[in-house]
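> Give the three-dimensional model of this entry:
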Amino acid sequence: MKTTRLSVLALCATVGMTAFSSCSKEQETAVPTSSAAKQEAKAEEAYPGERGTVQTGKFGSESIVYQQINGENILEGDIILAASQLNPTGPQTESAGRNTGKWPSAVVYYTIDAALPSQNRVTDAITHWQTYTAVRFVKRTTQANYVTFRVGSGCSSNIGMIGGRQYINLASGCSTGNTIHEIGHALGLFHEQTRNDRDTYVNILTQNIQAGYENNFTKYGVSGYSGTDFGALDFGSIMMYGSFSFSSNGQPTITKKDGSTFDIQRSGLSAGDRAGIDIMY
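Prediction:
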């Protein structure tokens, strides 16, 4: 397996799991990306257009900044942090975190809420993950730890297995590609642009970012995660923002080092996404 362009991101001790993203060839995906799909794809948000109050807490031993919107703790726009993952009194042991971070035996138990429209978004996304990775999805019967796909205000998910019932929230505008992305979070993937080494590959143009969304572009090390990056950033990752994500003025928020822009893609897992999950699981 090629690992020369693989990015390895490890969550801090509170979660204790390893999250991987990125890459083989830039823009290489499991499913071809049409021009229309590129134009329509948008970065995911738990509560589109809503801005909460900025909060500071502890994620392991490190301080972390996030937004609290409608009683939920939102990181990087679409990641929901459970109260158990925020630790105001100090770090938990690593062993406790590792026990709850990954889905044992790479099996995710799930249910689909009957009220969720267009359920093919979920079944197609699950089929995609099962086609290109070793992760298996099994309908839940009595299992204690599982994901429920349900109606949401936007597209969002918890990060990793948190224990008990957790949710992937899908508004009507969340596509199959957005669902693949949110499943990535539930498995433990963070956004590709938050790599510690991202400044080697991209420019973050903070002056063009919508007010209140600056934390979506914070490097994971600054946000309280620990880990190691290997290889180059994956512009084709389904976990990567596009050049104009969260722009306040129509100007790019992220460019390549040469100043050129690139599209967001939400068609399928890149080769690097698949390689990372293969190593993780």
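
> Could you pull out the strands in the stretch 1-150 of the chain for me?
Assigned by DSSP state E, counting those that start in this stretch, the strands in the stretch 1-150 of the chain fall at 6-10, 18-22, 53-59, 62-69, 72-75, 79-81, 107-112, 136-139, 146-151.

> and the ones you listed, which is most packed in?
With neighbours defined as mean count of other Cβ atoms under 10 Å, the strands of the stretch 1-150 of the chain peak in mean count at strand 18-22, which reaches a mean of 27. (Each C-beta comes from the backbone N, C-alpha and C, glycine too.)

> Just the mean pLDDT for it, thanks.
Averaged over strand 18-22, pLDDT sits at 38.

> now do stretch 239-253
The pLDDT scores in stretch 239-253 average 96.

> that older thread, would you mind giving the strands of the stretch 1-150 of the chain as JSON lines with distance to residue 179 added?
Formatted as JSON lines, these follow (distance: least, Cβ to Cβ, whole Å):
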{"stretch": "strand 6-10", "distance to residue 179": "21"}
{"stretch": "strand 18-22", "distance to residue 179": "17"}
{"stretch": "strand 53-59", "distance to residue 179": "26"}
{"stretch": "strand 62-69", "distance to residue 179": "21"}
{"stretch": "strand 72-75", "distance to residue 179": "18"}
{"stretch": "strand 79-81", "distance to residue 179": "15"}
{"stretch": "strand 107-112", "distance to residue 179": "11"}
{"stretch": "strand 136-139", "distance to residue 179": "12"}
{"stretch": "strand 146-151", "distance to residue 179": "8"}
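
> which one of those has the lowest average pLDDT?
Here these differ in mean pLDDT, and the lowest is strand 6-10 at a mean of 35.

> before we move on, back to that, do you know which of the strands of the stretch 1-150 of the chain lies nearest residue 45?
Residue 45 lies closest to strand 72-75 among the strands of the stretch 1-150 of the chain, at 8.5 Å (Cβ to Cβ).

> quick one: residue 137 and residue 236, what's the gap?
24 Å (Cβ to Cβ, to the nearest Å).

> Could I get the full set of helices for the protein?
For the chain, the helices defined by DSSP state H occupy 35-40, 94-101, 120-132, 176-187, 271-280.

> looking at these, which is buried most?
Mean neighbour counts for these (mean count of other Cβ under 10 Å) peak at helix 176-187, with a mean of 26.

> Need the nearest residue in space to residue 148, chain neighbours excluded.
If the residues on either side of it in the chain are set aside, residue 148 comes closest to residue 111, at 4.9 Å by Cβ to Cβ, 6 or more residues apart in numbering.

> thought that neighbour was touching residue 143?
No - at 9.9 Å, residue 111 does not count as touching residue 143 under the criterion of Cβ atoms under 8 Å.

> Bridge partners for residue 157, pull those for me.
Going by DSSP bridges, residue 157 is paired in beta bridges with residue 79, residue 168.
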